[in-house]
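*Asks:* sequence and computational prediction follow.
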Amino acid sequence: MSSMSSMSKESHPQKLDSGIVLGEDGLARPKWASVDPMLREYYDTEWGMPIRDEQGLYERLSLEAFQAGLSWATILRKRPAFRTAFADFDPEKVARFDDSDVERLLNDASIVRNQRKILATINNAHATIKLRDKGGLADFIWSFQPDKTPRPRTIEEIPTKSAESLALSKALRKEGFNFVGPTTMYALMEAVGIVDTHLLDSHRRGSSGVWPADSASS
């Protein structure tokens, strides 16, 4: 990785062969996290860090479902509004939403007004509560952590699904969850640290504490 002293003085970031972009701060990030300040902050502080509590995972499960067919940037910009609209993603509160709440959400221009996704979020709150009898959502999702994690050098080498995400998808569907397809579940697993798909040259590789930076065990 290039040092700060060898960086170009130009304002444009320096692109490396791996698809990594070396920012003006000397930190290497993937292209998607290198330009938009919001996405850069998210990448540097949140993405890939472990989430192991029920409410946190229910929120991420919900937001990943809303993201289907859209960009993550769209969802991230609307996240404060989503949290307000869905009672901070407290499963107990969302499970009590009724038809009037659905109507309220469908008229809320600050979120994604997709009826199927709204109903799935409410349904998944009920499923989350029921899952407590089997150890809870957090332990359930983390039980699908694989024995090894990818070691991508380029964006193209990052998987979009895996045997574990397919198994998680099937298991959640069996427990009554909706909008939990294998690709969506792989994105969830990446986002909450279950796998580490940070590029090998990224400054965030291994930062979760779940996997070593070089992932030599893989």
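*Replies:* Great, that's in hand. Residues are numbered from 1 along each chain as shown.
*Asks:* any idea how far the residue nearest the centre of the chain lies from T128?
*Replies:* Closest to where the C-alpha atoms of the chain average out (C-alpha atoms, centre = their mean) is A191, at 3.2 Å. With distances taken as C-beta to C-beta, to the nearest Å, A191 is found 17 Å from T128. Backbone N, C-alpha and C define where each C-beta goes, glycine included.
*Asks:* give me the next element, helix or strand, following the helix or strand hosting S165.
*Replies:* S165 belongs to helix 163-174 when assigned by DSSP states H and E. The helix or strand immediately downstream of helix 163-174 is helix 182-191, counting by DSSP H and E.
*Asks:* counting contacts, what elements does that next one pack onto?
*Replies:* helix 54-67, helix 163-174 (3 or more C-beta pairs under 8 Å, 6 or more residues apart in numbering; DSSP states H and E).
*Asks:* show me which residues of the last one are buried.
*Replies:* The one in question is helix 163-174. 164-166, 168-169, 171-172 (16 or more other C-beta atoms under 10 Å).
*Asks:* ok, so of those residues, who is nearest I118?
*Replies:* L172 (18.2 Å; C-beta to C-beta).
*Asks:* so how far is the helix ranked longest in the chain off the chain centroid?
*Replies:* What stands out as the longest helix in the chain, according to DSSP state H, is helix 115-131. Computed by C-alpha atoms, centre = their mean, to the nearest Å, the chain-centroid distance of helix 115-131 equals 18 Å.
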